[in-house]
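Student: Sequence below, structure please.
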Amino acid sequence: MGQNATGTAPHGVATFEIMVDNKPVDPSFQVLSVAIMKEINRVPAARIVIRDGDAASQTFAISSRDFFIPGKKISIKIGNDSTNKQAFAGIIIKHAIKIRENGSGELQVECRDAAVMMTLGRHSRYFQDIKDNQVFDELISEYPALKGEAGKTTLQHKQIVQHHISDWDFMLLRAEANGMLVNVNDGTVKISMPDTSTKPTMKISFGTSVLEFEAEMDARSQWGKVVANSWDYSSQVLFDSDISSAPVREPGNISGEDLARQIKQKDYQLHHSGYLQEQELQDWAQGVMQRSRLAKIRGRAKVTGTSDVKTGDMVTLAGVGDRFNGNAYVTAVKHELGNGMWDTHIQFGLDPETYASKYAADLDDKLSAGLVGSIHGLQIGKVVQLQNDPDGENRILVKVPTLDNTGRGIWTRVASPDAGNNRGAVFLPEINDEVIIGFINADPRHAVMLGMLHSSALPSPLKAEDVNNTKGFTTRSKMHVLFNDDTKTITIDTPNANKIVISEQGTNIEIKDQNSNKITMDSSGIKVESPLNIDLKAGANLSLSAGATLAIGGVSVSVKADGTIGFSGASAKLAAQGITEITGSMVKIN
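Tutor: Okay, the predicted model is just below:
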């Protein structure tokens, strides 16, 4: 059923129809105002204010009825003389009452497009081997009340991650990264590049159709060139992509490029420390340049109510001077019905601030999940205790001086190059060592020691040199494991001169102990030396063999066997410079 506003618009009576769950609003309801707002990159909204509340009966009769209940579907048509067109479709999200100072009461009904469901809750998921338009389709498909229209994107991501962020915010960020805009209308989510070449749907002319008008040109948002760079770890170089133009038809007689030149604007720099593919860099830079040009001229016009203009349309600005005349891109449309009038506000031009910047506080997850006061960045710690973790979790006790220099400290997990079930690299700091610690989720209750620090107070055992040939480990008792890349040598030694040296420069391996015993392996063979005895013992057999001569010498040589001893060869010779004795219970020769 149609309802008339309480007055007459210049082109007839402003009328509207409100349906809730396909049922018309009771004609006895006194609707004070209707406002509908649709904007690029935002969920469309509507607000209905109805006279309600009676002080004498102390009740809000309309509010109490089972009608404007949050979650119900609602649609609004607006027009003139009961010729109404669909202006909004969505769901009721908020039901509020208000009593004004004069005693009058109101029921306020807030509505949103069904796309509002994409803004609720935070989600995390992985995407592999996928394009952004496929990501958009997958996100929107989670909501049966929505229909998606995603323009094609170019880059195929090997992987992309949505981390604890609403589906709406993730979609907006990825759209922005591709230079695309999100335009929602009555449950249809359209994601596409802005098209400024389309035919204008309306002419906004000073002196005829304009009730109010304001526009501005801001050179600060105009860039001569946008340069995006990223680190290519595969080639170890910083590479970039630059864009100096955008496919945008601009209103006014001064181009964005000219404005940037006039104020000697420097190139706009975009940096990403990760490895972005060239296509992603190009899309990113193109999107920023496109936003710059769409933001060159921004403003709004108030006109008599019309349904002819929608977000994403082009309108012609006329009679407002050479600086602003021309076709402009519509980024928002607001309809206001009240006091017998229907006005339409048309916003043109794009906000130069990105979605990520504008809503940074909402996009980022709360540090420490909002459970405690968060702690930022890395912190310096002093080690207090290594043993007796009360929870048996292999933690150490670390005091953070800037947190509480008199307190006991925080039980802190220890990061390691390798850790697992009964295995790993174990290098704990010493008591009073200076360490660097971080905090999981920025929560000061969940500390992790990331490494240990040297300083002038706690100097390194090795002097730093640019050639950086020597690396290694030194324990508090001066045991060393050192690597020298110049001589290609590994040295393991103890304070008492027990040492193992593996050297490619010397082409040898040498083992020495503090008793002057030494084993040397080099190109000439293996040498075992001792200033005292060398004992060779085997629990079973011991074999000595040589491809050439086997020589055994000494002041005295004794060969003894508890059983039979035998010597054999192709020939044999037994000789002595003195007396030769052969004895036995029986001696048999030949």
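Student: And for residue 125, the neighbour number?
Tutor: When neighbours are defined as other C-beta atoms under 10 Å, residue 125 has 13 of them. (Glycine included, C-beta is placed from N, CA and C.)
Student: On the three-state scheme, it is what?
Tutor: Secondary structure, DSSP: H, G, I helix; E, B strand; the rest coil: residue 125 is strand.
Student: Quick check: it touching residue 164?
Tutor: No - the pair residue 125 / residue 164 is not scored as a contact, 10.3 Å apart, by C-beta atoms under 8 Å.
Student: biggest strand in this structure, by residue count?
Tutor: Using DSSP state E to define each element, the chain has its longest strand at strand 83-99.
Student: So which bits of the next helix or strand after that strand are buried?
Tutor: Sequence order places strand 105-112 as the next helix or strand after strand 83-99, per DSSP states H and E. For strand 105-112, a neighbour-count test (16 or more other C-beta atoms under 10 Å) marks 105, 106, 107, 108, 109, 111, 112 as buried.
Student: Which elements pack onto strand 105-112?
Tutor: Contacts defined by 3 or more C-beta pairs under 8 Å, 6 or more residues apart in numbering; DSSP states H and E place strand 105-112 against strand 45-51, strand 73-80, strand 83-99.
Student: same thing but 10 Å
Tutor: Helices and strands touching strand 105-112, by 3 or more C-beta pairs under 10 Å, 6 or more residues apart in numbering; DSSP states H and E, are strand 14-20, strand 31-39, strand 45-51, helix 61-64, strand 73-80, strand 83-99.
Student: For the third one, buried residues please.
Tutor: Spelled out, that is strand 45-51. 45, 46, 48, 49, 50.
Student: now the angle from it to strand 73-80?
Tutor: Counting by axes from the mean of the first three to the mean of the last three C-alpha atoms, to 10 degrees, strand 45-51 lies at 80 degrees to strand 73-80.
Student: The chain should start at 51 in everything you say after this.
Tutor: I'll keep to 51 as the first residue from here, and by that count the last item is strand 95-101.
Student: Work out the gap between strand 95-101 and the centre of the chain.
Tutor: The chain centre lies 39 Å from the centre of strand 95-101; the measure is C-alpha atoms, centre = their mean, to the nearest Å.
Student: pLDDT averaged over that strand - what is it?
Tutor: Mean pLDDT, strand 95-101: 97.
Student: how many degrees apart are that strand and strand 64-70 in direction?
Tutor: With the same axes, to 10 degrees applied, the angle from strand 95-101 to strand 64-70 works out at 100 degrees.
Student: For strand 95-101, name the packing helices and strands.
Tutor: strand 64-70, strand 81-89, helix 111-114, strand 123-130, strand 133-149, strand 155-162, strand 376-388.
Student: coming back round to it: how about the CA coordinates for the longest strand of the chain, as PDB?
Tutor: The C-alpha trace of strand 133-149 is given here as PDB (Å, rounded to 0.1, in the frame of the first residue of the first chain):
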ATOM      1  CA  THR A 133       4.200   5.900  -9.200                       C
ATOM      2  CA  ASN A 134       6.900   4.300  -7.100                       C
ATOM      3  CA  LYS A 135      10.100   2.500  -7.900                       C
ATOM      4  CA  GLN A 136      12.100   0.100  -5.900                       C
ATOM      5  CA  ALA A 137      14.800   2.000  -3.900                       C
ATOM      6  CA  PHE A 138      15.800  -0.400  -1.200                       C
ATOM      7  CA  ALA A 139      15.600  -4.100  -0.300                       C
ATOM      8  CA  GLY A 140      17.200  -5.600   2.700                       C
ATOM      9  CA  ILE A 141      16.600  -6.700   6.300                       C
ATOM     10  CA  ILE A 142      15.800  -4.900   9.600                       C
ATOM     11  CA  ILE A 143      18.800  -4.900  11.800                       C
ATOM     12  CA  LYS A 144      17.900  -2.500  14.600                       C
ATOM     13  CA  HIS A 145      14.700  -1.500  16.400                       C
ATOM     14  CA  ALA A 146      14.900   1.600  18.700                       C
ATOM     15  CA  ILE A 147      12.600   4.000  20.500                       C
ATOM     16  CA  LYS A 148      13.200   7.600  21.400                       C
ATOM     17  CA  ILE A 149      11.400  10.100  23.600                       C
END
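Student: pLDDT of it, averaged?
Tutor: pLDDT averaged over strand 133-149 gives 95.
Student: what's the answer for stretch 375-390, then?
Tutor: The pLDDT scores in stretch 375-390 average 94.
Student: which of the residues in that stretch are buried?
Tutor: In stretch 375-390, counting by 16+ other C-beta under 10 Å, buried: 375-388.
Student: could you dump the helices and strands packed on strand 155-162 to a markdown table with distance to residue 166?
Tutor: Formatted as a markdown table, the helices and strands packed on strand 155-162 follow (distance: least, C-beta to C-beta, whole Å):
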| stretch | distance to residue 166 |
| --- | --- |
| strand 64-70 | 17 |
| strand 81-89 | 13 |
| strand 95-101 | 9 |
| helix 111-114 | 22 |
| strand 123-130 | 12 |
| strand 133-149 | 6 |
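Student: Spell out the residue ranges of the helices in the stretch 301-450 of the chain.
Tutor: Per DSSP state H, counting those that start in this stretch, the stretch 301-450 of the chain carries helices over the ranges 306-312, 328-344, 405-408, 410-413.
Student: where among those helices is the average confidence lowest?
Tutor: Sorting the helices of the stretch 301-450 of the chain by mean pLDDT places helix 410-413 lowest, at a mean of 84.
Student: sorry, back to before: so what strands line up beside the longest strand of the chain?
Tutor: Sheet pairing of strand 133-149 (DSSP bridges) gives strand 123-130 (antiparallel), strand 155-162 (antiparallel).
Student: any chance of those strands in a markdown table, with mean pLDDT and distance to residue 347 too?
Tutor: Below are the strands paired with strand 133-149 laid out as a markdown table (pLDDT from 0 to 100; distance: least, C-beta to C-beta, whole Å):
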| stretch | mean pLDDT | distance to residue 347 |
| --- | --- | --- |
| strand 123-130 | 94 | 28 |
| strand 155-162 | 97 | 30 |
